[in-house]
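Chemist: Using only what follows, build the 3D model:
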Amino acid sequence: MTTRHQPVVRSGAPYTGQPLAGSAQAWFDEVLLRRRGCPPDRMALADCAPQDQTRLTRPRASICDLSMDRPRVMGVLNVTPDSFSDGGDHATIEAAVVRAHQMAQDADILDIGGESTRPGANEVTEVEEVRRTSEVILAIRAAGISTPISIDTRKARVAEAALDVGANMVNDVAAFTFDPELADLVAERDVPICLMHAKGRPDTMQNDPRYDDVLFDVMDFLEERIAFATSRGIARERIVTDPGIGFGKTLEHNVTLLKNLSLLHDLGLPILLGVSRKRFIGTIGQADEAKDRMAGSLTVALHGIQNGAQILRVHDTFETRQAIRLQQAMMEREI
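Modeler: Below is the predicted model:
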């Protein structure tokens, strides 16, 4: 039976334990030992096997030349007419470049997407997705914006076109299950890849999603996709993981994953958390409109940082960066 190690994360002084994944603020000295179908057991970190201690504490490899020892902001720039929150806002090249300039002031990475993956969304043709994304990326680079760019796509052809005009990373919400050839492209180009868990495809994923155990099912899926990626020649240090909040999950599933986010550190890789403006925030926070969910989005983002998430994928980059600065000031290690 597989045993998972979940750090019991603490933040702030007195810093008596070990750093969580190389973090300057989050630390731990205990873990929960989790087995499918069993209540967790608590164990001192010092009593864990050396390889388990190393996997949980070692600094994560840099992504796009960005160190993972502090939180990084990934700004969402959807060049689509139908995304759930900002659909149509940046559908022209001019509007997208203006927004990219704004986000580059606060974001470490820009995530460009040309196909909505909101619940119920239909697939976009490769030709149309290439047109939407590659033209915008080319224009962003022509405007002198040097911020690393991630291409948010499930398709090898779209990613190839984006990488050819200046993208630096691939963000695949299907984790190579939609287009396995995307793995070969990532390996060939030697670029970072984010592998996200999703249950089903966007058009059907919210049709009564069910799990035997959402924590173990998500972890097992990500571990299997990491193995697939490395088998296709992708270096492990190029991989980022994402639990896929809102992708084939109920409110209860989302909250359970967020409460236990630190379990993902057992994979030994950076964690990307994308919760910005999502429906569960509106349900709990009583905000029907996506753009009215900023306060809830910030709350969950800061929770993610406290649990060691290295990359936050957000729409509101300025506000998120401000919140991080305040949180980091209050968590700063005392000398």
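Chemist: Now do the same contact list for the most centrally placed residue in the chain.
Modeler: Closest residue to the average C-alpha location of the chain: Leu272 at 2.4 Å, with Cα atoms, centre = their mean. Leu272 makes contact with 74, 171, 194, 196, 240-242, 309-313, according to Cβ atoms under 8 Å, 6 or more residues apart in numbering. No exception for glycine: its C-beta is placed from N, CA and C like everyone else's.
Chemist: Likewise for Arg70?
Modeler: So Arg70 contacts 23-24, 328 (Cβ under 8 Å, 6+ apart).
Chemist: repeat that for 6 Å
Modeler: Residues counted as contacts of Arg70 (Cβ atoms under 6 Å, 6 or more residues apart in numbering): none.
Chemist: Could you measure from it over to His5?
Modeler: Distance, Arg70 to His5, by Cβ to Cβ, to the nearest Å: 23 Å.
Chemist: cool, Ser276 as well?
Modeler: For Ser276 relative to His5 (Cβ to Cβ), the value is 29 Å.
Chemist: Of those two, which one has the most company?
Modeler: Higher neighbour count among Ser276 and His5: Ser276, with 27 against 20, using other Cβ atoms under 10 Å.
Chemist: Any stretches of this structure with poor pLDDT?
Modeler: 13-14, 82-91, 333-335 (pLDDT under 70).
Chemist: can I assume Gln6 is in contact with Leu263?
Modeler: Yes: look at Gln6 against Leu263 with Cβ atoms under 6 Å: they come within range, at 4.2 Å.
Chemist: ok, and the closest non-adjacent residue to His253?
Modeler: In space, and not counting its chain neighbours, His253 is closest to Val214: 4.7 Å by Cβ to Cβ, 6 or more residues apart in numbering.
Chemist: That neighbour touches Glu252, doesn't it?
Modeler: No: Val214 lies out of contact with Glu252 (Cβ under 6 Å); the separation is 8.2 Å.
Chemist: Looking at these two, which has the bigger crowd around it?
Modeler: Val214 (22 against 11).
Chemist: residues near Gln18, how many?
Modeler: When neighbours are counted by other Cβ under 10 Å, Gln18 comes out with 16.
Chemist: Dig out what it forms beta bridges with.
Modeler: When bridges are called by DSSP bridges, Gln18 pairs up with Phe28.
Chemist: list the buried ones in stretch 187-205?
Modeler: Across stretch 187-205, burial judged by 16 or more other Cβ atoms under 10 Å covers 187, 189, 191-199, 201-202, 205.
Chemist: Ok, stretch 92-103 next?
Modeler: Residues 93, 96-97, 99-100, 103 are the ones in stretch 92-103 that count as buried (16+ other Cβ under 10 Å).
Chemist: same thing with stretch 60-77?
Modeler: For stretch 60-77, a neighbour-count test (16+ other Cβ under 10 Å) marks 60-61, 63-64, 66, 68-69, 71-77 as buried.
Chemist: swap in stretch 288-308?
Modeler: Those would be 290, 293-294, 296-302, 304-308, for stretch 288-308 by 16+ other Cβ under 10 Å.
Chemist: Using CSV, list the CA coordinates for it.
Modeler: Output of stretch 288-308 as CSV, limited to C-alpha atoms (Å, rounded to 0.1, in the frame of the first residue of the first chain):
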residue,chain,number,x,y,z
ASP,A,288,-22.1,35.2,-8.7
GLU,A,289,-19.9,37.3,-11.0
ALA,A,290,-16.4,36.0,-11.6
LYS,A,291,-14.9,39.5,-11.4
ASP,A,292,-16.4,40.0,-7.9
ARG,A,293,-14.3,37.1,-6.5
MET,A,294,-11.0,39.0,-6.0
ALA,A,295,-11.0,39.0,-2.2
GLY,A,296,-11.7,35.2,-2.1
SER,A,297,-9.1,34.6,-4.8
LEU,A,298,-6.5,36.4,-2.7
THR,A,299,-7.5,34.5,0.4
VAL,A,300,-7.0,31.2,-1.2
ALA,A,301,-3.8,32.3,-2.9
LEU,A,302,-2.2,33.3,0.4
HIS,A,303,-3.4,29.9,1.9
GLY,A,304,-1.5,28.3,-1.0
ILE,A,305,1.7,30.2,-0.2
GLN,A,306,1.4,29.2,3.5
ASN,A,307,1.3,25.6,2.3
GLY,A,308,4.4,26.0,0.0
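Chemist: So what touches that stretch?
Modeler: 9, 11, 20-21, 23, 26, 71, 84-85, 261-262, 265, 273, 275-277, 281-282, 285, 287, 312, 316, 320, 323, 327.
Chemist: change it to 8 Å
Modeler: Residues outside stretch 288-308 that contact it (Cβ under 8 Å, 6+ apart) are 7, 9, 11, 20-21, 23, 25-26, 71, 84-85, 258, 261-262, 265, 271, 273, 275-278, 281-282, 284-285, 287, 312, 314-316, 319-320, 323-324, 327.
Chemist: Quick check: PyMOL command selecting the buried ones in the residues you listed.
Modeler: Buried residues within the contacts of stretch 288-308, by 16+ other Cβ under 10 Å, are selected in PyMOL with:
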select buried, resi 7+9+11+20+21+23+25+26+71+84+85+258+261+262+265+271+273+275+276+277+278+281+282+287+312+314+315+316+319+320+323+324+327
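Chemist: Keep only those of the contacts of stretch 288-308 that are in strands.
Modeler: Per DSSP state E, strands hold the following members of the contacts of stretch 288-308: 7, 11, 26, 273, 312, 314.
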